[in-house]
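J.: Quick one, what's the 3D model for this:
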Amino acid sequence: MSPGQKNWGNRTFLNMMEHAPLFLSSLWIHAVFVSADVAAALGAIYVCLRLCYPIVWMVFGGEAGAPMAPYTWFLFGKKINLFYFTFPQYGIVFYLSFATVLKIGFGIALNELVGAPIYVAPIGCGLFLYHFALGGFPFIQAAAAPFFKA
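T.: Predicted coordinates:
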């Protein structure tokens, strides 16, 4: 195996293992306390997106590494990259968790409010998290930097 192929194999499985606890816990808690049907639908979308991760890396990154084009405001970038698949997954986990907190803590049924969680979670929440991570978070890092000077 080449170094790129080893990195691809390692990162594919390690990335899946890193994300599994948050995904599975948010999925199960949402299914128990909010809606098993919505959790199942979003879980299926999440798994399909997860399956795309190694394929996109292999086809569009190959030996060069993970195809990523961060710091762009044109959705996720002008060419295919892993952000098309990772941030919708983050959006699903965020949505499942947030909907559960709203339901248990405040009696608010987010699934009913949004009407179509299968679109809102991966697309709406995914886009929000992408733009926050790459647009808003650098400002937070810059503001916090003086507190971490040696």
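J.: which stretch of helix or strand covers the residue nearest the centre of the chain?
T.: By Cα atoms, centre = their mean, the chain has its centre lying nearest to Tyr90, at 2.0 Å. According to DSSP states H and E, Tyr90 maps onto helix 83-106.
J.: before we move on, the earlier item: contacting residues around the residue nearest to the residue nearest to the centre of the chain when sequence neighbours are not counted?
T.: Sequence neighbours aside, Leu129 is the residue nearest to Tyr90 in space, at 5.0 Å (criterion: Cβ to Cβ, 6 or more residues apart in numbering). Bear in mind the C-beta positions are built from the backbone N, C-alpha and C, glycine included. The contact partners of Leu129, by Cβ atoms under 8 Å, 6 or more residues apart in numbering, come to Phe87, Tyr90, Gly91, Phe94.
J.: Need the pLDDT of the last one.
T.: We note a pLDDT of 96 for Phe94 in this prediction.
J.: In contact with it, which residues?
T.: Counted by Cβ under 8 Å, 6+ apart, Phe94 has contacts Ala121, Cys125, Leu129.
J.: Run a quick neighbour tally on Ala41.
T.: By other Cβ atoms under 10 Å, 15 other residues sit near Ala41.
J.: for the chain, what are the low-confidence residue spans?
T.: 70-78 (pLDDT under 70).
J.: Helices of that one, residue ranges please.
T.: 3-33, 36-56, 83-106, 110-114, 117-119, 126-131, 137-144 (DSSP state H).
J.: Now the second one: buried residues?
T.: The neighbour-count criterion (16 or more other Cβ atoms under 10 Å) identifies Val38, Ala39, Leu42, Gly43, Ile45, Tyr46, Leu49, Arg50, Cys52, Tyr53, Pro54, Val56 as the buried residues of helix 36-56.
J.: picking up where we left off before, would you quantify the distance from the residue nearest to the centre of the chain to Phe147?
T.: 27 Å (Cβ to Cβ, to the nearest Å).
J.: do Tyr53 as well
T.: 35 Å.
J.: got it, and Lys103?
T.: 36 Å.
J.: try Asp37
T.: 45 Å.
J.: Give me the contact list for stretch 96-105.
T.: 26-27, 29-30, 33-34, 38-39, 42, 108-111, 117, 121, 125.
J.: Centre of the chain to it, how far?
T.: 18 Å (Cα atoms, centre = their mean, to the nearest Å).
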